[in-house]
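A.B. asks: Below are the sequence and a predicted model for it; my questions follow.
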Amino acid sequence: MNSNPEPVHDSVVDGTGLSIVVAGGGTAGHIEPALAVADAIVALAPGVRVTALGTPKGLEGKLVPARGYQLELIPPAPMPRAVGADLVKTPVRLDRAVRAARKVLAKVDADVVVGFGGYVALPAYLAARAHVSKDRKIPVLIHEANASAGLANKVGARFAEQVMAAVPDCGIPGAQVVGMPVRQAIADLDRAALRMRAREFFGLDPQAPTILVFGGSQGAQRINEAVSGAAGALGAAGIGVLHAHGATNAIDPVSPTGAPAYVAVPYLDRMDLAYAAADLVICRSGAMTVAEVTAAGLPAVYVPLPHGNGEQRLNALPVVQAGAARLVDDADLTVDYIAREIRALVQDPAALAAMSAAGTDVGHRQAAQTVAAAALALAAQHRNTAAGRRR
């Protein structure tokens, strides 16, 4: 594994002729860092060609075109977590996905694959490792977002030219810790400057302390029930709420007459304004969420998913240990907890300011640029090597 690729030379800094494929599909946790890096690549080298690799089942079908990137789809090849009928089908599915990925890499004349894990990543890594043409293979750069690396990235790391990670000790030896790539709009967010505009955008009280609540694109039932159930206590204390409850969920918050607005929406398209409008956030602790909230300088109360391999708790721990957030078990997030503990925290400006300041020491606002620069260096190196072979 080469952790120090050659730098991008001035002759290729505009990216002309270079082709980079970002592979991160399925969930927003894989897609958003891929798109953040894509944005940074184009900003650093405007002439580069960036292609996103995804599957028909993921959110990338909506998110990637909206950001202006070419999307190429391959069949999904999920890796079963248990022995069963799906395990028997895995080799066939994976072979089909790898073949499709190889065609895409050849079609766009890829110079590097930048992978972020998930269903689409492993086929992309294996396709890059294979001979796409007679004279070259394609270098692989991996970014691991979670505190506990997924299977795709663990396999890909065995032959990747470079591996980067959001946090230390992710389970991939030798990974360079660079932080989580986040959108520039979040990394550069000036919450104070946008506060009034953001409050007006969502119809929130311009002066009341405000809580932002969300549970991912599908919402989170425990968070929804606890916060909406405490609407009366929060409203009576003069606290406003912006609550994204998920498209398939419904909540019925009841606030006292004259209380600050409790704004409930299925989904938030403008997370930058949502962060700017808030004084505190209550949410799950997916790796992307923790990175964005920390980059935005928001105090947080994280409620990790109660199932899975515990990675959400691990994602939040560094921020919690730094004093920038609190951690609450899913079972402990009750109406009473919101009415008592959260209300007291939101009404303590000094505590919120201390949490916000603590977050500046654990954030990595330039992670996207770091990954993008490494990708461009590998792409330029690969393109120059291939040109030398043809001479």
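C.D. replies: Yes, it's here.
A.B. asks: Below-threshold pLDDT in the stretch 201-350 of the chain: ranges please.
C.D. replies: Applying pLDDT under 70 to the stretch 201-350 of the chain flags the ranges 216-219.
A.B. asks: Could I get the full set of helices for it?
C.D. replies: With DSSP state H, counting those that start in this stretch as the definition, the stretch 201-350 of the chain shows helices at residue ranges 221-229, 231-236, 271-277, 287-295, 311-321, 335-337, 343-346, 349-359.
A.B. asks: Could you report the neighbour count for the residue nearest to residue 290 when sequence neighbours are not counted?
C.D. replies: Spatial nearest neighbour of residue 290, excluding adjacent residues (Cβ to Cβ, 6 or more residues apart in numbering): residue 315 at 5.0 Å. In this view, the C-beta of every residue, glycine as well, is placed from N, C-alpha and C. Residue 315 is flanked by 27 other residues according to other Cβ atoms under 10 Å.
A.B. asks: Residue 145 versus residue 127, what's the distance?
C.D. replies: Distance of residue 127 to residue 145, given as Cβ to Cβ, to the nearest Å: 21 Å.
A.B. asks: So for those two, which sits in the more crowded spot?
C.D. replies: Taking other Cβ under 10 Å, residue 127 and residue 145 do not tie; residue 145 has more neighbours (31 against 28).
A.B. asks: wait, which of the helices of the stretch 201-350 of the chain is closest to residue 213?
C.D. replies: Each of the helices of the stretch 201-350 of the chain has some distance to residue 213 by Cβ to Cβ; the shortest is helix 221-229, at 5.0 Å.
A.B. asks: Show the contacting residues for the residue nearest the centre of the chain.
C.D. replies: For the chain, residue 288 is the residue whose C-alpha lies nearest the centre (Cα atoms, centre = their mean; 3.1 Å). By Cβ atoms under 8 Å, 6 or more residues apart in numbering, residue 288 lies in contact with 28, 29, 32, 33, 145, 180, 182.
A.B. asks: Compare those and tell me which has the most neighbours.
C.D. replies: Busiest of the contacts of residue 288 [other Cβ under 10 Å] is residue 145, holding 31 neighbours.
A.B. asks: list the contacts for it?
C.D. replies: 29, 30, 33, 116, 117, 166, 180, 287, 288, 291.
A.B. asks: Please list all residues in contact with the residue nearest to it when sequence neighbours are not counted.
C.D. replies: Leaving aside its chain neighbours, residue 145 sits nearest to residue 287 (4.1 Å; criterion: Cβ to Cβ, 6+ apart). Residue 287 sits next to 29, 145, 146, 147, 166, 180, 311, 315 when contact means Cβ under 8 Å, 6+ apart.
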